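*Asks:* kindly return the folded structure for what I paste below:
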Amino acid sequence: MTVENLRAVPHLTTTLTGPLLQLERRLLDMQTQIEVWFRREWQKTPAPFYSSVDVRNAGFKVAPVDTNLFPAGFNNLNPAFHALCIHAVQTAIERYCSYAVRVLIVAESHTRNLYYLDNIATLRDIIHRAGLDVRVAMLPDALNAPQDVALPSGRTLHVEPLQRNGDTVGVANFVPCLVLLNNDLSSGRPSILENISQAIAPPLALGWSTRLKSTHFMHYGNVAAEFARMVDIDPWLIDPLFSQCGEINFMKREGEECLQGNVDNLFHAIQAKYDEYGIDKKPFVIVKADAGTYGMAIMTVRDPAEMSTLNRKQRTRMSAMKGGQDVTKVIIQEGVYTFETWGPQQAVAEPVVYMIDRFVVGGFYRIHKEKGTDENLNSPGMEFEPLAFAEPCCNPDSQQGPDANPNRFYAYGVIGRLAALAAAREIAAQEQVPTAQQTA
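*Replies:* Residues are numbered from 1 along each chain as shown. Take a look at the predicted model:
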């Protein structure tokens with residue numbers, strides 16, 4: 001690792017490192033027990049094919065704030081860790097279909113975002129290097145003929161329209177064993193993918209048209225509590241508090257009373273924990289769509305009174321998510337500060353941990369020069385630093401202090417795996433629920 005690359009690692013700037021350093025030291029001391037625990041849990045509940053986890057490091061707690069089952073930033077990973085990705089893909093494929101030789105990636109139904117397509121090209125190359133024949137498709141309503149797309153990386157991505165024949169899907173002269181979704185299904189479950197005989201990952205039920213973040217964080221809360229008992233820590237140090245209420249309509253101002261009450265209660269709960277740990281910071285909460293991604297329909301609330309004075313612009317921004325879908329439910333989540341900064345401008349940064357199957361395969365930092373420590377960084381103007389993880393998240397060094405890069409990254413890897421385990425339980429629970437087609 002060069003000196004230049006080592007400089008690419010953001011720094012933790014807060015002095016409130018006592019509880020977190022104690023937590024990191026505890027994780028290092030308990031590494032053997034932690035790894036045994038994870039192995040047992042993965043045997044009970046297999047990991048998702050892949051996932052990414054947004055982590056916030058407040059200096060006094062480190063916690064996930066979002067878990068994505070359709071990760072779209074493989075082009076931002078350090079290429080040095082692609083060998084880890086290849087090994088993890090081989091393990092994941094064996095679980096879905098041990099005889100697999102063909103994988104079809106179903107990408108998002110757009111071609112304007114070339115950096116997203118660069119992500120697809122990177123994922124394609126990783127799967128190919130894992131020894132598999134791989135092609136890329138889009139839903140037929142978005143693409144009616146094969147297309148070659150020139151990418152910023154200098155590569156070319158060949159994309160074909162998805163076709164269906166009986167109970168199988170594929171592209172011309174190519175029928176895969178595994179259909180790998182990188183389309184988050186925000187617009188709904190495509191009929192072309194319903195009731196196919198091939199393995200499909202993630203399951204259709206985990207698309208953003210049906211999946212709820214509150215359900216995921218309910219599972220995460222259970223996982224965090226079990227883990228905390230095992231390592232003897234306060235689960236709050238790794239778990240953001242949250243609440244959720246019923247239907248809401250921001251434009252019609254319906255459901256506001258429930259929302260305001262939940263925001264107020266969460267502020268009091270966060271303040272109680274801050275008082276317990278002597279944290280001299282103001283609590284804040286994040287209100288965001290309970291389904292969806294791309295950083296849409298999300299707002300920072302620094303005072304409960306703000307919820308009764310939302311202007312029309314704020315209501316409009318909160319009323320719709322990706323694809324123009326209406327926001328009808330929100331999750332009210334404890335705001336977790338990020339005190340990591342990047343570069344001479346001290347731009348705010350947050351780590352994003354990437355996993356394939358049960359393996360941490362790297363990560364990067366999301367950086368935003370225009371945002372504060374209590375704001376959402378997944379918004380226009382964000383940048384990515386692929387060299388930030390100078391060491392794999394699974395390779396701690398107990399001879400160094402908790403603040404050493406590989407050890408801090410080990411803590412992030414633990415948090416990432418806890419979130420992936422919660423997602424695994426979320427998938428298992430969904431698979432036990434009959435679909436409308438099965439009950440018809």
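*Asks:* which element follows the helix or strand hosting residue 260 toward the C-terminus?
*Replies:* When secondary structure is defined using DSSP states H and E, the element that contains residue 260 is helix 256-277. Read in the C-terminal direction, the helix or strand following helix 256-277 is strand 285-289, with elements assigned using DSSP H and E.
*Asks:* between that next one and helix 256-277, how many degrees?
*Replies:* If you take axes from the mean of the first three to the mean of the last three CA atoms, to 10 degrees, strand 285-289 sits at 140 degrees to helix 256-277.
*Asks:* before we move on, the earlier item: mind listing what's buried in the helix holding residue 260?
*Replies:* 256, 258-260, 262-263, 266-267, 269-270, 273 (16 or more other CB atoms under 10 Å). Every C-beta, even on glycine, is put in place using the N, C-alpha and C of the backbone.
*Asks:* now pLDDT too, for these, in a markdown table please.
*Replies:* Listed next are those as a markdown table, based on pLDDT from 0 to 100:
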| residue | pLDDT |
| --- | --- |
| 256 | 80 |
| 258 | 83 |
| 259 | 85 |
| 260 | 87 |
| 262 | 89 |
| 263 | 91 |
| 266 | 96 |
| 267 | 96 |
| 269 | 97 |
| 270 | 97 |
| 273 | 97 |
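*Asks:* circling back: by contact count, what packs against the helix holding residue 260?
*Replies:* strand 242-244, strand 285-289, strand 330-334 (3 or more CB pairs under 8 Å, 6 or more residues apart in numbering; DSSP states H and E).
*Asks:* change it to 10 Å
*Replies:* Taking 3 or more CB pairs under 10 Å, 6 or more residues apart in numbering; DSSP states H and E as contact, the helices and strands that helix 256-277 lies on are strand 242-244, strand 285-289, strand 298-301, strand 330-334.
*Asks:* hmm, back to that, closest to residue 359 among the buried residues of helix 256-277?
*Replies:* When these are compared for distance to residue 359, the smallest value, 32.4 Å, is given by residue 273; criterion: CB to CB.
*Asks:* for residue 364, which of the helices and strands packed on helix 256-277 is the nearest?
*Replies:* Nearest to residue 364, of the helices and strands packed on helix 256-277 and by CB to CB, is strand 298-301 at 20.6 Å.
*Asks:* what residues of the next helix-or-strand element following that closest one count as buried?
*Replies:* With elements assigned by DSSP H and E, the helix or strand that comes after strand 298-301 is helix 312-319. Buried positions in helix 312-319, judged by neighbour count with 16+ other CB under 10 Å: 317-319.
*Asks:* for stretch 33-53, same thing?
*Replies:* Neighbour counts using 16+ other CB under 10 Å place 34, 37-38, 41-42, 45-53 of stretch 33-53 among the buried residues.
*Asks:* give me the mean pLDDT for it.
*Replies:* Predicted confidence along stretch 33-53 averages 97 (mean pLDDT).
*Asks:* for that stretch, how far is the first residue from the last?
*Replies:* Criterion CA to CA, to the nearest Å; first-to-last residue distance in stretch 33-53 is 23 Å.
*Asks:* follow-up on the earlier one: quick one: the helix holding residue 260 to strand 330-334, angle?
*Replies:* Taking the same axes, to 10 degrees, helix 256-277 and strand 330-334 form an angle of 20 degrees between their directions.
*Asks:* before we move on, back to that, from the buried residues of helix 256-277, which single one is nearest residue 222?
*Replies:* residue 269 (17.9 Å).
*Asks:* now that closest one. Nearest residue, chain neighbours left out?
*Replies:* Nearest residue to residue 269 in three dimensions, chain neighbours excluded: residue 241, at 5.5 Å (CB to CB, 6 or more residues apart in numbering).
*Asks:* same deal with residue 430?
*Replies:* Counting by CB to CB, 6+ apart, the nearest residue to residue 430 once its immediate chain neighbours are dropped is residue 205, at 4.4 Å.
*Asks:* quick one: contacts for the residue nearest to residue 234 when sequence neighbours are not counted?
*Replies:* Distance criterion CB to CB, 6+ apart; nearest residue to residue 234, sequence neighbours excluded, is residue 228 at 6.7 Å. Residues near residue 228 by CB atoms under 10 Å, 6 or more residues apart in numbering: 234-239, 418.
*Asks:* give me the distance between the two termini of stretch 207-217.
*Replies:* From start residue to end residue, stretch 207-217 stretches across 16 Å - CA to CA.
*Asks:* what do you get for stretch 292-308?
*Replies:* First-to-last residue span, stretch 292-308, CA to CA: 24 Å.
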